[in-house]
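**Q** Turn this into a structure:
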Amino acid sequence: MTDDRLPLAELLSKAGDGDFLRGVAEAVVQLLMATDVEGVIGAGRHERSGERTTYRNGYRDRTLDTRLGSLQLRIPKLRQGSYFPPFLEPRKTSEKALVAVIQEAWVSGVSTRRVDDLVQAMGLTGISKSTVSKLCKDIDDRVNAFLDRPLIGDWPYLWLDATYLKQREGSRIVSVAAIIAVAANTDGKREIVGLHIGPSEAETFWATFLKSLVRRGLHGTKLVISELAKIGCTTLQIVKRPQAKVGVSVLPKG
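**A** All right, here's what the predicted structure looks like:
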């Protein structure tokens, strides 16, 4: 269970890599629409079925504005009749459930319960357990591949930030720290390069996190920017550029 205020999703969105977050959200919605329209048609794609009532007939584009950005959706068209996703109807409040799924993927992996909540919020019916499980795996695989990707080239500038989340551990709700690293490469492009969840913002926690960035290829860092005074200068030297000083700017909050 994650905090209903969705602080991590907001932090990730502000930090950068909006394209990746939007891409995950678009993939989630597209898969759910594809499954929903199969129920309307009475058969899956290329499936022979006596219950089939019509066939697909291309797509029409539609934009869905969310706090993760504008999602570019492809809504299936039918040869006979029409299909309009219920979550696009006025007054539908499925956005919060969608963002909650994305946040949970970063924190602890997506649960089937969270996806079930999303399906209900979107007004979809007939979504099988196997589809929910497939969706959970797809989201987790995308996020894990993103967080474990090699970091190629020099990253002169590194921003560090953190927030606290509520997470269920057994029968208890505990507070955990989510720390995030955003870096800019020599072309000036900013990317989320790391995210780690742990019990606190202790310096040892930061040291482990920064070492993992170095192992993945983070190098060439000249300046580290953070408002987190808990990160010691010795720890920040982990990401230093060889034979060069690391400029550390600790910014006051507010």
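**Q** Would you agree residue 70 falls within a strand?
**A** Yes. Assigned with DSSP: H, G, I helix; E, B strand; the rest coil, residue 70 falls within a strand.
**Q** Tell me who's in contact with the residue nearest the centre of the chain.
**A** With distances taken as Cα atoms, centre = their mean, residue 102 lies nearest the centre of the chain, 4.3 Å away. Going by Cβ atoms under 8 Å, 6 or more residues apart in numbering, residue 102 touches 9, 21, 24, 25, 28, 68, 139. C-beta: built from backbone N, CA, C; applies to glycine.
**Q** Please apply the same query to residue 119.
**A** Contacts for residue 119 were tallied using Cβ under 8 Å, 6+ apart; they are 32, 127, 132.
**Q** mind listing which of these are in helices?
**A** Cross-referencing the contacts of residue 119 against helices under DSSP state H gives 32, 132.
**Q** Would you mind putting the contacts of residue 119 into TSV with pLDDT and distance to residue 224 alongside?
**A** Converted to TSV, the contacts of residue 119 look like this (pLDDT from 0 to 100; distance: Cβ to Cβ, whole Å):
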residue	pLDDT	distance to residue 224
32	88	40
127	80	45
132	86	41
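**Q** is it possible to export the contacts of residue 119 to TSV including distance to residue 191?
**A** Output for those, formatted as TSV (distance: Cβ to Cβ, whole Å):
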residue	distance to residue 191
32	28
127	33
132	30
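**Q** neighbour-wise, which of the contacts of residue 119 leads?
**A** In terms of neighbours by other Cβ atoms under 10 Å, the contacts of residue 119 top out with residue 32 at 23 neighbours.
**Q** What mean pLDDT does whichever strand or helix holds residue 105 get?
**A** Using DSSP states H and E, the element containing residue 105 is helix 95-107. Mean pLDDT, computed over helix 95-107, is 80.
**Q** Restricted to strands, list the contacts of residue 102.
**A** Of the contacts of residue 102, none are assigned to strands by DSSP state E.
**Q** I'd like these as CSV, with neighbour count, distance to residue 56 and pLDDT appended.
**A** Rendered in CSV, the data for the contacts of residue 102 read as follows (neighbours: other Cβ atoms under 10 Å; distance: Cβ to Cβ, whole Å; pLDDT from 0 to 100):
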residue, neighbour count, distance to residue 56, pLDDT
9, 26, 32, 62
21, 25, 28, 79
24, 20, 24, 85
25, 24, 23, 88
28, 23, 20, 89
68, 23, 27, 79
139, 24, 25, 87
